[in-house]
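>>> Generate a structure from the sequence data that follows.
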Amino acid sequence: MLLKDIRDYQILFLGLFLVLGIGTRDWTLRPELIGVAIATSLATQWILSSLTGKEQVANLRSALITSLGLSLLLRADHWTTMAIAAVLAIVSKFIFQVGDKHFFNPANFGIISALILTPDAWVSPGQWGEEWWYGLLFLGTGGMILQRIGRWDTTAAFLGFYSLLEAIRNFWLGWTWDVYWHRLMSGSLLLFALFMITDPRSIPNSRIGRIVWAVCIAGLTFILRNYFFVSTAVFWALFALAPLSILLDVFWLAPRFTWQEKDEEAGVELLTPNSCTDAIHRVSSL
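Coordinates of the predicted model:
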């Protein structure tokens, strides 16, 4: 891969999606709100990293990814709403953590916070429509990143179990299968499954933990969407079950993910000897 840090590819792809969405979907998104999200996220990350003594350059990549995620998914009438979402998204990484691991996805936390605290925030799950080439683009780019960080299991478990539940419901109600595909062929659902629920720094460390966690999120998403008619069910499900990742890390011990340079030939993550002991110390301190 040409770029050393996989987060550079995430930034590239999310930026591409943002330009593509504005250019082809005619989103009502003002450029100044994107600027507010990016500037606020980076500034908040820089300030908090300086206060806590963490390395800023690497952390700014994560903050930029968070701001792009907010720009893709969150809509607001006022710039202050976007600023509130960005600040709280970054702050959540420093407050809600066990050991050195934060358990809320920052962009998701910012979105839910804006929905709860402000009157003009909303999310449009259907903004990408159902055109097949969007799905191929998301699968291709998301698959490239997931292969690199080794988190395909999370996406597969979430989409597989959610698809199964929707298929059972579709069969039980006697609907035609075009209704089933209509409910699954959503660009926003794929973005969530490929780029949000797979954040390696906030999801369970072990494979079995990730699978159990993703299945729980899929089940809660299904319930909220079909029985409580919540259009933004995936975001609420992730928010509600985020703390579960800490409990699953206690049940199934595994090395904590760290953003490091990968072996260019093997394409696998290089873990330091301390990465395994970090997880043991974190669990023993609980």
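>>> How many residues are close by Ile112?
Look at Ile112: counted by other CB atoms under 10 Å, it has 26 neighbours. C-betas here are computed from N, CA, C, even on glycine.
>>> May I ask you to confirm that it is in contact with Phe239?
Yes: the criterion here is CB atoms under 8 Å, and Ile112 meets it with Phe239 at 4.6 Å.
>>> show me where pLDDT drops low in the stretch 1-150 of the chain?
1-3, 25-28, 54-58, 125-140, 142-144, 146 (pLDDT under 70).
>>> now the helices for it?
With helices called from DSSP state H, counting those that start in this stretch, the stretch 1-150 of the chain shows them at 6-25, 31-52, 56-73, 79-95, 106-117, 132-149.
>>> Dump those helices to TSV, plus distance to Asn170.
Below are the helices of the stretch 1-150 of the chain laid out as TSV (distance: least, CB to CB, whole Å):
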stretch	distance to Asn170
helix 6-25	27
helix 31-52	37
helix 56-73	27
helix 79-95	35
helix 106-117	28
helix 132-149	19
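>>> closest to Ala233 out of these?
helix 106-117 (12.1 Å; CB to CB).
>>> buried stuff in that closest one?
106-115 (16 or more other CB atoms under 10 Å).
>>> mind listing the helices for the stretch 151-286 of the chain?
Going by DSSP H, counting those that start in this stretch, the stretch 151-286 of the chain shows helices at 152-173, 177-184, 187-191, 207-227, 233-241, 244-251, 273-284.
>>> distance from the centroid: which residue in this protein tops it?
The outermost residue of the chain relative to its centre, with distances by CA atoms, centre = their mean, is Gly174 at 33.6 Å.
>>> Distance of that residue relative to Phe228?
22 Å (CB to CB, to the nearest Å).
>>> can you check Ser62 too?
Ser62 is 32 Å from Phe228, by CB to CB.
>>> who has more neighbours, these two?
Counted by other CB under 10 Å, Ser62 and Phe228 do not tie: Ser62 has more neighbours, with 20 against 9.
>>> Geometric centre of the chain: which residue is closest?
Mean-position check on the chain, CA atoms, centre = their mean. Result Met196 at 1.4 Å.
>>> Please look at it and Leu68 and confirm they touch.
No: judged on CB under 8 Å, Met196 makes no contact with Leu68 at a distance of 11.6 Å.
>>> Might you report the residue contacts of Thr44?
63, 86-87, 90-91 (CB atoms under 8 Å, 6 or more residues apart in numbering).
>>> Please repeat the previous calculation with a cut-off of 7 Å.
86-87, 90-91 (CB atoms under 7 Å, 6 or more residues apart in numbering).
>>> How about Phe94?
Contacts of Phe94 (CB under 7 Å, 6+ apart): 48, 52.
>>> Okay, it and Asn108: tell me how far apart.
Phe94 is 16 Å from Asn108, by CB to CB.
>>> same question, Leu247
Counting by CB to CB, the gap from Leu247 to Asn108 is 18 Å.
>>> do Ser231 as well
16 Å.
>>> hmm, back to that, highest average neighbour count across the helices of the stretch 1-150 of the chain?
By mean neighbour count, with neighbours taken as mean count of other CB atoms under 10 Å, helix 106-117 ranks first of those at a mean of 24.
>>> who touches that helix?
Residues contacting helix 106-117 (CB under 7 Å, 6+ apart): 66, 69-70, 73-74, 76, 81, 84-86, 88-90, 92-93, 121, 123, 196, 235-236, 238-239.
>>> now swap in stretch 34-41 and tell me
Residues outside stretch 34-41 that contact it (CB under 7 Å, 6+ apart): 63-64, 66-67, 70-71, 79, 82-83, 86-87, 89-90.
>>> any idea of the mean pLDDT for stretch 237-257?
Average pLDDT, stretch 237-257: 92.
>>> about what we covered before: farthest-separated two in the contacts of Thr44?
Ala86 and Val91 (9.6 Å).
>>> for the buried residues of helix 106-117, which one is nearest Ile211?
Asn108 (19.5 Å).
>>> so how far is Asp153 from that closest one?
20 Å.
>>> repeat for Ala254
Counting by CB to CB - Ala254 and Asp153 are separated by 12 Å.
>>> What of Trp122?
Trp122 is 32 Å from Asp153, by CB to CB.
>>> again, but for Asp249
15 Å.
>>> Could you pull up the mean pLDDT of stretch 193-201?
pLDDT averaged over stretch 193-201 gives 87.
>>> what does it contact?
69, 101-102, 105, 107-108, 138, 142, 146, 149, 151, 154-155, 158-159, 214, 217, 238, 257.
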